[in-house]
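Enquirer: Model the following, please.
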Amino acid sequence: YKTEIPLYASLLFDMDDPEGTAKKGAKYAKMGYAGTKFGWGMVPSKPFGADFRKDEEMVALIRDRIGPKTWMMIDVGRYVNWKVPYAVKMGKMVEKYDAFWFEEALPQDDLEGYAELARALDVPVAFGEELYTVYDFNEVIKRRAADVLQPDASKVGGISEMKRVVELAHINNIMWVPHNWSTAVNTAASLHLAVSSPDGFLCEYKQEPNPLVHDLVKEKFEVKNGKLQVPEGPGLGIDLNEKVIKKLRVA
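Expert: Purely as a prediction, here's the structure:
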């Protein structure tokens with residue numbers, strides 16, 4: 001359906017450096033990325049989600065720096081362990097700053113909690129990176145526990161199973177965006193899944209330094225005006241760098 005896909009820059013909060021965190025988002029907004037997502041924290045001992053006042057100051061600053069037109073996603077992650085009432089409180093806070101979605105605010109298996117959270121908030125609730133089969137996603141859909149599904153091709157049974165999840169989302173009229181944080185191979189798979197679906201509109205693109213993401217393939221992915229270009233080679237269109245694999249392999 002497409003030869004390119006809009007990206008959102010996937011970034012980590014640095015709770016010790018709100019201005020630096022916000023500047024990272026502004027950088028990608030200026031490059032034409034559709035959105036910027038901030039999550040978790042640079043270190044587990046200083047996560048987003050542990051101090052409401054600091055969290056709101058951070059979210060407000062990011063929105064100010066990226067401007068009103070760039071989507072802002074907030075990914076809570078697993079460095080904190082909220083219950084539903086606090087997740088609702090935080091969700092209403094990020095709503096004030098026009099968050100595009102509110103991600104992984106509860107443990108992955110708390111489907112009843114997610115359903116309650118989705119009903120309580122206007123901001124879309126997103127999760128799914130730790131779900132492993134189309135049946136897991138079907139249960140999420142039946143309970144209306146998410147507004148945005150986030151299947152990960154490297155975890156959900158590969159491209160074939162993820163295509164089933166994508167089709168399930170399509171027939172139930174639910175938004176989906178690939179979760180993509182692990183490797184360049186996953187980036188290629190996510191890209192092809194997104195452009196080969198009529199509902200594919202966005203891809204996650206990790207920006208924090210990681211050799212498995214940025215050095216694993218010989219030819220770098222091409223990004224033009226914030227959009228990832230589909231490579232023209234066979235298969236996924238990538239060639240692995242065997243030297244990098246050898247360097248990073250664990251016996």
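
Enquirer: Please report the distance of residue 149 from residue 64.
Expert: Distance of residue 149 to residue 64, computed by Cβ to Cβ, to the nearest Å: 30 Å. No exception for glycine: its C-beta is placed from N, CA and C like everyone else's.

Enquirer: Which residue of these two possesses the greater neighbour count?
Expert: residue 149 (25 against 12; other Cβ atoms under 10 Å).

Enquirer: so what's that one up against?
Expert: 126, 128, 137, 140, 141, 165, 169, 174, 175, 176, 177 (Cβ atoms under 8 Å, 6 or more residues apart in numbering).

Enquirer: and it, what are its bridge partners?
Expert: Following DSSP bridges, residue 149 is listed with bridge partners residue 127, residue 176.

Enquirer: do you know how far it is from residue 198?
Expert: From residue 149 to residue 198 the distance is 15 Å (Cβ to Cβ).

Enquirer: Same check on residue 77?
Expert: With distances taken as Cβ to Cβ, residue 77 is found 31 Å from residue 198.

Enquirer: Name the residue in those two with the higher neighbour count.
Expert: Legend: neighbour count by other Cβ under 10 Å for residue 77 and residue 198, higher for residue 77 (18 against 9).

Enquirer: Now that one: closest residue in space, sequence neighbours ignored.
Expert: residue 40 (3.6 Å; Cβ to Cβ, 6 or more residues apart in numbering).

Enquirer: residues touching that neighbour, list them.
Expert: 12, 13, 47, 48, 75, 76, 77, 78, 79.

Enquirer: thinking again about what came up before, I'd like to know which of the contacts of residue 149 is nearest to residue 34.
Expert: residue 177 (10.5 Å; Cβ to Cβ).

Enquirer: tell me the pLDDT at the nearest residue to that closest one once chain neighbours are set aside?
Expert: Spatial nearest neighbour of residue 177, excluding adjacent residues (Cβ to Cβ, 6+ apart): residue 202 at 4.9 Å. Residue 202 carries a pLDDT value of 98.

Enquirer: again with residue 251
Expert: pLDDT, read off for residue 251, is 74.

Enquirer: Can you give me the neighbour number for it?
Expert: Neighbours of residue 251 using other Cβ under 10 Å come to 2.

Enquirer: now swap in residue 45 and tell me
Expert: Neighbour number of residue 45 under other Cβ under 10 Å is 9.

Enquirer: pLDDT averaged over stretch 107-125, what's the number?
Expert: Rounded mean pLDDT across stretch 107-125 is 97.

Enquirer: So, low pLDDT: which residues of the stretch 151-251 of the chain?
Expert: For the stretch 151-251 of the chain, no stretch has pLDDT under 70.

Enquirer: Quickly note the distance from residue 209 to residue 20.
Expert: Following Cβ to Cβ, the distance that separates residue 209 from residue 20 is 15 Å.

Enquirer: if I pick residue 60, what's in contact with it?
Expert: residue 97.

Enquirer: With residue 124 instead?
Expert: Contacts of residue 124 by Cβ under 8 Å, 6+ apart are 100, 101, 102, 147, 148, 175.

Enquirer: Okay, and the nearest residue to residue 182 once chain neighbours are set aside sits in which element?
Expert: Excluding the flanking residues, the one nearest residue 182 by Cβ to Cβ, 6+ apart is residue 154, at 5.5 Å. Of the helices and strands defined by DSSP states H and E, none includes residue 154.
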